[in-house]
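Enquirer: Mind folding the following:
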Amino acid sequence: MGPLSIRKLMAGGMPGSAQGFAGLLPYSAAFGATPGVAEADSEPAEAAEAGAHTVELAANDRQPQPAARSRSPRGTEREFLQNYYPATARYAADYGVDPVLVLGLAGESGFASAGTYLRTGDAFGMTGGSTRHMTHATSPEENVAQFFGAFGDQIRGSGSDRKRFINGLQGRDLAGKPVAGWRRYNSENKAYEETYRGWHARIARAMPAFLQSSAPQ
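Expert: Coordinates of the predicted model:
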């Protein structure tokens with residue numbers, strides 16, 4: 001989906017929102033300040049072939065953090081947001097979660113540019129812990145639907161609370177305890193917290209300029 005299509009969505013609205021993108025702002029307007037976006041920007045590591053990510057997030061992740069410095073999206077980020085933001089924002093509004101938290105997970109694939117994404121079309125690295133169970137998608141819309149179909153109920157109501165979001169992804173309740181029947185996004189890897197923070201910060205910093213450049217002219 002290119003900039004023209006995004007402008008049409010913003011002007012005419014998307015399903016589930018009478019105001020189009022204006023009703024689906026990713027953080028400050030809809031959810032309050034996004035926690036953690038002030039960490040140092042970092043380049044994503046080359047996408048992992050099979051994820052291994054549980055995190056023990058710091059308790060202060062629930063607290064508002066200083067606002068990130070906005071900057072223009074890089075080429076890869078811009079194309080990724082053009083393709084993935086509309087569907088992600090629509091689903092995120094329905095599930096009560098900041099879309100930036102979801103979009104940050106695509107650092108797994110170099111933001112839909114590398115690794116297993118090139119073979120599967122899955123930007124979120126949903127391998128099920130094995131390359132034998134990889135998710136395949138033919139479009140960003142399908143891929144986003146797959147993600148929320150698998151994890152939407154577990155992250156429902158997370159808002160911009162990164163700790164709650166990650167706990168849900170990892171099949172844990174608000175207290176961090178496993179929930180019977182919930183799936184786990186990836187296996188344990190304590191280093192993932194810092195890696196994900198970098199991905200999340202990168203998208204959060206790029207988002208204001210992206211939305212401004214995509215606004216109706």
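Enquirer: can you give me the helices in the protein?
Expert: Using DSSP state H, the helices found in the chain span residues 3-12, 28-31, 75-95, 99-104, 117-120, 140-155, 162-169, 192-213.
Enquirer: averaged over its residues, what pLDDT does the fourth one have?
Expert: In other words, helix 99-104. The average pLDDT for helix 99-104 rounds to 97.
Enquirer: Put the alpha carbons of it into PDB.
Expert: Taking C-alpha atoms only, helix 99-104 is exported to PDB below (Å, rounded to 0.1, in the frame of the first residue of the first chain):
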ATOM      1  CA  PRO A  99      -0.100  -0.300  17.400                       C
ATOM      2  CA  VAL A 100       3.500   0.800  17.900                       C
ATOM      3  CA  LEU A 101       4.000  -2.100  20.400                       C
ATOM      4  CA  VAL A 102       2.800  -4.500  17.700                       C
ATOM      5  CA  LEU A 103       4.800  -2.900  14.900                       C
ATOM      6  CA  GLY A 104       8.000  -3.000  16.900                       C
END
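Enquirer: between the helices of the chain, which one is nearest to Arg132?
Expert: Distance to Arg132, taken as Cβ to Cβ, is lowest for helix 117-120 among those, at 12.4 Å. All C-beta spots, glycine's among them, are computed from the backbone N, C-alpha and C.
Enquirer: looking at this protein, which helix or strand does the model trust least?
Expert: helix 3-12 (a mean of 40; mean pLDDT, DSSP states H and E).
Enquirer: how about low-confidence regions in the protein?
Expert: Applying pLDDT under 70 to the chain picks out residues 1-72, 128-131, 187-189, 217.
Enquirer: Skip the chain neighbours and tell me the closest residue to Asn167.
Expert: Gly176 (5.8 Å; Cβ to Cβ, 6 or more residues apart in numbering).
Enquirer: okay, now the one you found: neighbour count?
Expert: Using other Cβ atoms under 10 Å, Gly176 has 13 other residues around it.
Enquirer: swap in the one 10 residues further on?
Expert: Look at Asn186: counted by other Cβ under 10 Å, it has 22 neighbours.
Enquirer: Lys177 too?
Expert: 9.
Enquirer: returning to what we had before: turn the helices of the chain into a markdown table, columns for distance to Asn186 and mean neighbour count.
Expert: Compiled in a markdown table, these are given as follows (distance: least, Cβ to Cβ, whole Å; neighbours: other Cβ atoms under 10 Å):
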| stretch | distance to Asn186 | mean neighbour count |
| --- | --- | --- |
| helix 3-12 | 30 | 15 |
| helix 28-31 | 24 | 16 |
| helix 75-95 | 19 | 21 |
| helix 99-104 | 14 | 28 |
| helix 117-120 | 16 | 15 |
| helix 140-155 | 11 | 19 |
| helix 162-169 | 8 | 25 |
| helix 192-213 | 7 | 21 |
